[in-house]
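Student: Predicted model and sequence follow; I will ask about them next.
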There are 2 protein chains.
Amino acid sequence: MTTQYVFSFKEGDGKNKQLLGGKGANLCEMTQIGLNVPPGFVISTEACLAYLKKKQLPKGLLEQVQNNIKQLEKQTGKRFGDAKNPLLVSVRSGSALSMPGMMDTILNLGLNKKTLKAVIKQTQNPRFAFDAYRRFIQLFSKVALGIDDEQFDLRFVAIKKKVGAVEDVDLSCEDLELACEQFLQVVEENTGRPFPEDVNEQLQLSIQAVFKSWKGKRAVDYRREFKITPRMANGTAVNIVTMVFGNMGNDSATGVGFTRNPGTGENKMFGEYLTNAQGEDVVAGIRTPKPVQELEAEMPEMYQQLEALREKLESHYHEVQDFEYTIEKGQLYCLQTRNGKMNATAMIRSSVEMAKEGLISKKQAIARVDPNSLEQVLHPRLDPHKTGESLARGLPASPGAASGICVFDADRAEIIGRSGEKVILVREETKPEDIHGFFASQGILTSRGGKTSHAAVVARGMGKACVAGAEDIRIDVRARQAVIGEFTLREGDVITIDGASGHVYAGELPTLPPQFTTLLKILLTWADKYADLKVMANADTPKMAHKALEYGAMGIGLCRTERMFNASERLPIVVDMILADSIEERQNALDRLLPIQQSDFKAIFETMSPNPVTIRLLDPPIHEFLPGEDDLKEELRSLQQYREELRGKRVLSNALPLLHETPAAGHGLNLVEIEAELKLLEAAISKKRQMLVKVQEISEVNPMLGHRGVRLGITYPEIYKMQIRAILQANADCIESGIDTQCEIMVPQVSTAEELVRVKEYVAEVQTQVESERKIKLKFKFGSMIEVVRACMRAGHLAEHAEFFSFGTNDLTQATFSFSREDAENKFLPMYNEQGILQDNPFEILDTKGVGRLMETTVKWGRSTRKKLKIGICGEQGGHPASIDFCHDIGLNYVSCSAPRVPIARLAAAQSALKAK
Amino acid sequence: MTTQYVFSFKEGDGKNKQLLGGKGANLCEMTQIGLNVPPGFVISTEACLAYLKKKQLPKGLLEQVQNNIKQLEKQTGKRFGDAKNPLLVSVRSGSALSMPGMMDTILNLGLNKKTLKAVIKQTQNPRFAFDAYRRFIQLFSKVALGIDDEQFDLRFVAIKKKVGAVEDVDLSCEDLELACEQFLQVVEENTGRPFPEDVNEQLQLSIQAVFKSWKGKRAVDYRREFKITPRMANGTAVNIVTMVFGNMGNDSATGVGFTRNPGTGENKMFGEYLTNAQGEDVVAGIRTPKPVQELEAEMPEMYQQLEALREKLESHYHEVQDFEYTIEKGQLYCLQTRNGKMNATAMIRSSVEMAKEGLISKKQAIARVDPNSLEQVLHPRLDPHKTGESLARGLPASPGAASGICVFDADRAEIIGRSGEKVILVREETKPEDIHGFFASQGILTSRGGKTSHAAVVARGMGKACVAGAEDIRIDVRARQAVIGEFTLREGDVITIDGASGHVYAGELPTLPPQFTTLLKILLTWADKYADLKVMANADTPKMAHKALEYGAMGIGLCRTERMFNASERLPIVVDMILADSIEERQNALDRLLPIQQSDFKAIFETMSPNPVTIRLLDPPIHEFLPGEDDLKEELRSLQQYREELRGKRVLSNALPLLHETPAAGHGLNLVEIEAELKLLEAAISKKRQMLVKVQEISEVNPMLGHRGVRLGITYPEIYKMQIRAILQANADCIESGIDTQCEIMVPQVSTAEELVRVKEYVAEVQTQVESERKIKLKFKFGSMIEVVRACMRAGHLAEHAEFFSFGTNDLTQATFSFSREDAENKFLPMYNEQGILQDNPFEILDTKGVGRLMETTVKWGRSTRKKLKIGICGEQGGHPASIDFCHDIGLNYVSCSAPRVPIARLAAAQSALKAK
């Protein structure tokens, strides 16, 4: 028994792409579900491999091909090589995987001098026939005979030049006939024999040529480049398909369509067609295609058939389809279909609507949408068709696009922003004291710092666009300008920043608005039902908590108490706390902070009620609240200089008393004013000096690994106790007002269980006090950040004291890699990614092989001590789908991310759960 | 059957300290091995616990005591309470653990008015009798009756005052008799009844009092303080021992002795005695005791017996003994013995000699010596009896003591040092450019930086004393002086630093020289035979390799190639390499470094042949080779200022040409010289500017986690390739000279296998070149540092490419704790240790629970890929016995530490192996 190498479209297995290739399997499938596909058959990849192995066509293959050709003749009523009603076919390659540009296609095979005449007679269109013939000769010669394309092109161009034709369409029938003659001559010159007239010889040569192309340089290179292994695709199939012609007259047409609108998702056919044209004409853009809706008037019956085709496709594939069709003399043929590529808006709409129509299940609706694509609809973004040339490029630090006028300091940003002007705050780097400038700005641009720089983290939290570390920008704050190469940017110049790409543009570029639509909300509500992971938000203020709620956060997974210190009216109190020389002075500052924090906490509890709110005690090294040493020295210098000037003026004023009210004396101050000013100056200088001393005292070589978090909390218990009191009093306030809260206190930077024990003592002490003062029973949880490697190693012991764990994967990743994020992202991570040493940026996508392994161990050890230990992640990676998948798999209870990523995380969490089931 | 509570010395189990207490068990043991111990018996701790539980003596106890008293009477021929030949006993407490100062002792129990007379008659020494009596009354009253000591003291002082006595010995027999009378009166006043005359009542009250003392405040506090749990010691035993008297005349004596000299270890009895005296007289120092050797003349027979005792003790205990004895009328009694405490020198000598004498095995000899104690003999140290008041204190950064004159910069240190003067280099902190100053100095003192600061690490490597981070010292380099509080230290003033304690002293303190003696070498040779772990040294230069060899290193476990860059003639080339703007410029600098490194490597290979030498490729961030930003700015400023001066002078010189050769013009330069100077200045300024730009460009927020190690090696492959070439060429040189080498190339800061793959490619490339250039086959190993947490997590994969692992536990500890060592040791580690949050400094003693757990996992995973994977440790902890023990237990192959710690590590490695067997 010989192997079956050839399968008609009616019998081939539509699922077996390995055997039939993608295109062949698809043609079989379409045929078998009753779509009107031109008759044809597939020669299997198995035949290809056998041919390549033995360098000859396998036994029985040609016979099987002949039999199938006979079938085609029967179906079409035409005959292959017939002088009256000839069968023409196309020959197309097609392997299991699509390899665009590698495919060889021969159209109109079966033409020769004899059949050409028949076609002319049948179509009454000699120009069409000669055009088809010259195309066939050229393609066949190139593919099957290996003749260089250029020889045909040269002849063709010469003819065009001779007759003065600009486009191919300008050529007459005679011109094309001449071309055919010359082309045949070229073939004879090259091969030493005439162009094959025998259609079976044409077919056999074509099949062999397609088979051989699998081992051709182009194909081999392509497979190496895209890492396509034999297991993925081995050999190419050959598809022999009856030719159909959309250019057979005005009852013929050709077109492409989507079953739904790929831009909006609307459930309405979308596409274009051309009457009396071939497929390649639609693509070539020589004639302007018409929207498919016009077909309804032009060929009503055909339009009805097209609508039926659309329904059939969707109901079979359960997916929006992108299809090609040809109408030949009132007969509709479907030539190809595949899943339609759509933007996020369309995916969301079609998912929800298809589910509502019953075409797909809700689970399928959830699985269809790529969570990462939601980024497109959740932030304003640049219109992809209308970007300009970028001025500079930094790190894409917080997504979104924003335009506004450049302002180089936070105070002016606030003033200008309040006046209603749109502002982009441009700084070398930002500090907590710039925070009011953030509120007033559309976006932030810095020339230093990475994705965890202050600017980046704060902007992400606020959902504002940020480009960080655009190192080519040299900022001169005093001159209120910045220089980028030869370009100078002055205050007031409009720029646009793209936080998704890191590009900075001059002028205002058009942006597309964010769309957190009802449809997306419906989809996410479905998602929440299937997800195992809860999705929390990182939010530090009542305002951010509101925003998180809007995005569907199921609680606050990380409330960074130090962020509350940053508001401009609060920072001075924090500075007083830091500069305090005695516990009393420090306590005094803390007493002023207490009511502020308490009222913030209460407002957050109220907003999130009855969902959990996890509050982290002070984490960063305290120098982050003070200005930098260089800045301070500079400020001090300029204050002292001003003092010298004023003193000089005072002398002058004394010497020339008559002058002392004249503005000419300088700053226009009189003696009394000078004295007052000097007094203020002295105080300011003294304060700055004190700050400078403190800054020098607490400066650290590696601040990320320094005196921070719980280490600070144990050094200055009064700070932690104030924060604990603020939390518990806010908790008591809520209980008294009947507001249901789930309050959680979390300790940062823990490396040993003993630290937790100490802080738990503080908590117990304050709890006893508050409970007795308020005559109330408090209920809250106590837990630990897991962001120090040692905490992972000691998880079993920590779980004795902690009721929950929260992975701080930003710090944990730093410690695991020994990469400081700020240094790595500016210095060597891009190079590592480029060279393929690391696939991803581990600060964005969780490094499952290293950091993940630590996390897995931590979960195991932690739960071996406390079976129901609640465990989550609050690092930046918690909002990234790939990382969420991992978190689901190792059994975490929740992820927490910045508010704008909450929808992405909700969808990803559902997909992870569905995948696992 | 009643429980046996009382055990005579003849029957008690000498090993059962829980039951009999330490002292009791010891007395039993001594009795049973035939030493002449005064007869006695022990009441068990079980009796004590029973008494404390029921508040009454357990049934049968008194009866058993009576029986044992009868036994004593039989043995001594005396009778308890007898009017002619009375038995006197001492009553002593004693639990399983020694608790000095908590012990209650009553001497001379059994004295009353009746027996007192008998004693007077027997001894013919009424003064002795009354003295014994008044002591007994006071001690008994205090211990058993709870009467305040002070009441007796007041009376006694009054008597002394009345008779004009200064010391107790000045009192006459009558005075003492008066004291006895008054004492008895005190008792009656306090208790309302006369002092108990019944000796059995005396005994019973004493036993109860000792039992009760176990629950007394003093004892309870003591046990809490020293964390003594009931499992360690529960209840106290009571020892009843027949009194013997060394003060019975000139045939009586009392003394203490060591079986060998505890200061030198010499095998010769060592000790002191007093004729006609009581034990407490020896201790009290009222009379000057005589060296035991004098006893040979005074009481030859007794001396013979003492020598026999010494032999018996050592042959029984197999350990040097510290014993007490009394001679009563020509009869030698041994009262106590315990293992002798000795200094390191004595321990070493006695260990080796005892093993040679066959008294102990070599294994026991090894086990006897505390490896940490070797520190005493390997460095010069301050004479512990002759230290002064410390001026300041820093961190003990490199052991050893050194004196010399203060010099505040490295250049001057070199000049002064070469002149033969002893120098201490005093700096705020040191940099590689100070290295020539290290060579010229006896020790280093810095006011900033921790135990891993440049100064500390380099000093340890060189084996020089170093005190780091003595923050109270304010150094003014320009003024060549330093201020410590109100004390000013000028260049030329002599100071002494103690690298073991961190103290700094004014003037020259006497030091004891190091002693790496033949005996120690013998002991270590024995140790090497038993050890499983090899002991390597960290050494960076040929000179250090020599030193390592002297200390018995079995190879170099860590050769830090960057240290070779630090020599003053090399650093400028390294700076050129860093400042290079193009690969060509950089290659040029590298080409100059190549022969230097190659010749160093060759010398090290030669020195260590045939042992392994592991060379680590460049590790630290390159900014470490450049001066600090502030320093550069300062230098730049002063260069510019000098330029201004010179320019001014040039103008002046031009204006007044006649003056231009007059020194009065300033620096005494003429115009030509000024021009030349200006030219040099311009070049210097330009170079400094270039450096400043580079320093700013490469500055990092957290340099420890920044652009360093293999990250740098992949960014600038030419640097690693130069180093690899230097190593392999040196290897080839050795092969050609017939020198057997085991060369190992090690990559630092590896976090992913892909990094190893890249560097391995460099190695293969260079290897091919060198092999073909030299027509030689190279043999070497390729391995990875394990100092990044992620490397631990990926150990299985790394082992595919690495033939060996070396744990860099300095960095690994930093990453595991997220503690920067420099910041932690200055800021919060001392507080953490003090508060008991961490027991040890994990940078000195391996944190087995955290870091150790990572190491264990790494070993397991690494060897699961490569069964014979060689694994070692080269972090600082590798030289600490506790850490070595852990390294042995997890199956490492070697430890590598600084040369002076090699002997310590060798001993510790042997002890670990013996412990495990």
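Tutor: Alright, I've got the coordinates. Quantities reported herein were computed from a predicted structural model and do not represent experimental measurements.

Student: only C-alpha atoms for contact and neighbour calcs from this point on.
Tutor: OK.

Student: Okay, now stretch A:78-92: how far is its last residue from its first?
Tutor: Start-to-end span of stretch A:78-92 (Cα to Cα, to the nearest Å) is 21 Å.

Student: now what about that stretch, what contacts it?
Tutor: Under the criterion Cα atoms under 8 Å, 6 or more residues apart in numbering or on different chains, residues A:69, A:72-73, A:76, A:103-112, A:114-115, A:117-119, A:122, A:198-199, A:206-207, A:210, A:238-243 lie in contact with stretch A:78-92.

Student: Could you do stretch A:2-16 as well?
Tutor: The contact list for stretch A:2-16 (Cα under 8 Å, 6+ apart) reads A:20, A:24-29, A:31-32, A:39-44, A:46-47, A:59-61, A:64-65, A:68.

Student: Of those, just the buried ones, PyMOL syntax please.
Tutor: To isolate the buried members of those in PyMOL, using 16 or more other Cα atoms under 10 Å in any protein chain shown:
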select buried, chain A and resi 20+24+25+26+27+28+29+31+32+39+40+41+42+43+44+46+47+61+64+65+68
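
Student: Narrow the contacts of stretch A:2-16 to those in helices?
Tutor: A:20, A:24-29, A:31-32, A:46-47, A:61, A:64-65, A:68 (DSSP state H).

Student: can you tell me which of the residues you listed lies nearest to A:G492?
Tutor: Closest approach between the ones in helices among the contacts of stretch A:2-16 and A:G492, by Cα to Cα: A:N26, at 58.5 Å.

Student: Let me see the contact set for that closest one.
Tutor: So A:N26 contacts A:G14, A:Q336, A:T337 (Cα under 8 Å, 6+ apart).

Student: that older thread, just the buried subset of the contacts of stretch A:78-92, please.
Tutor: For these, a neighbour count by 16+ other Cα under 10 Å gives the buried set as A:69, A:72-73, A:103-112, A:115, A:117-119, A:199, A:206-207, A:210, A:238-243.

Student: Take those and keep only those in helices.
Tutor: Using DSSP H to define helices, the subset of the buried ones among the contacts of stretch A:78-92 located there is A:I69, A:L72, A:E73, A:T115, A:K117, A:A118, A:V119, A:V199, A:S206, A:I207, A:V210.

Student: got any ranges where chain A has weak pLDDT?
Tutor: A:1, A:100-103, A:280-286, A:452, A:653-668 (pLDDT under 70).

Student: so A:I556 touches A:Y894, yeah?
Tutor: No: taking contacts as Cα atoms under 8 Å, A:I556 lies outside contact range of A:Y894: 10.6 Å.

Student: what do those two both touch?
Tutor: By Cα under 8 Å, 6+ apart, the residues touching both A:I556 and A:Y894 are A:M536.

Student: Please report the number of neighbouring residues for A:G12.
Tutor: Under the neighbour criterion other Cα atoms under 10 Å in any protein chain shown, A:G12 is assigned a count of 24.

Student: ok, now A:K53?
Tutor: Close neighbours of A:K53, defined as other Cα under 10 Å, add up to 11.

Student: how many other residues sit next to the nearest residue to A:V494 once chain neighbours are set aside?
Tutor: The shortest distance from A:V494 to any non-neighbouring residue, by Cα to Cα, 6 or more residues apart in numbering or on different chains, is to A:I405 (4.1 Å). Neighbourhood size, A:I405 [other Cα under 10 Å]: 26.

Student: and if you look at A:D13?
Tutor: Around A:D13 there are 19 residues (other Cα under 10 Å).

Student: Secondary structure of it: a strand, I assume?
Tutor: No: looking at A:D13 with DSSP: H, G, I helix; E, B strand; the rest coil, it is coil, so not inside a strand.

Student: Pretty sure A:N68 sits against A:F41.
Tutor: Yes: between A:N68 and A:F41 there is a contact at 6.9 Å, judged by Cα under 8 Å.

Student: By proximity to chain B, which residue of the stretch 501-650 of chain A wins?
Tutor: Evaluated by Cα to the nearest Cα, the stretch 501-650 of chain A has A:D630 as its residue closest to chain B, separated by 10.1 Å.

Student: Tell me the spacing between that residue and A:Q696.
Tutor: Remark: distance between A:D630 and A:Q696 (Cα to Cα) = 11 Å.

Student: Comparing A:I556 and A:Y894, which shows the higher neighbour count?
Tutor: A:I556 (31 against 24).

Student: what's across from that one in the sheet?
Tutor: Residues in a beta bridge with A:I556, per DSSP bridges, are A:A537, A:V613.

Student: contacting residues around it?
Tutor: A:M536, A:A537, A:N538, A:A539, A:A545, A:M608, A:N611, A:P612, A:V613, A:T614, A:S896.
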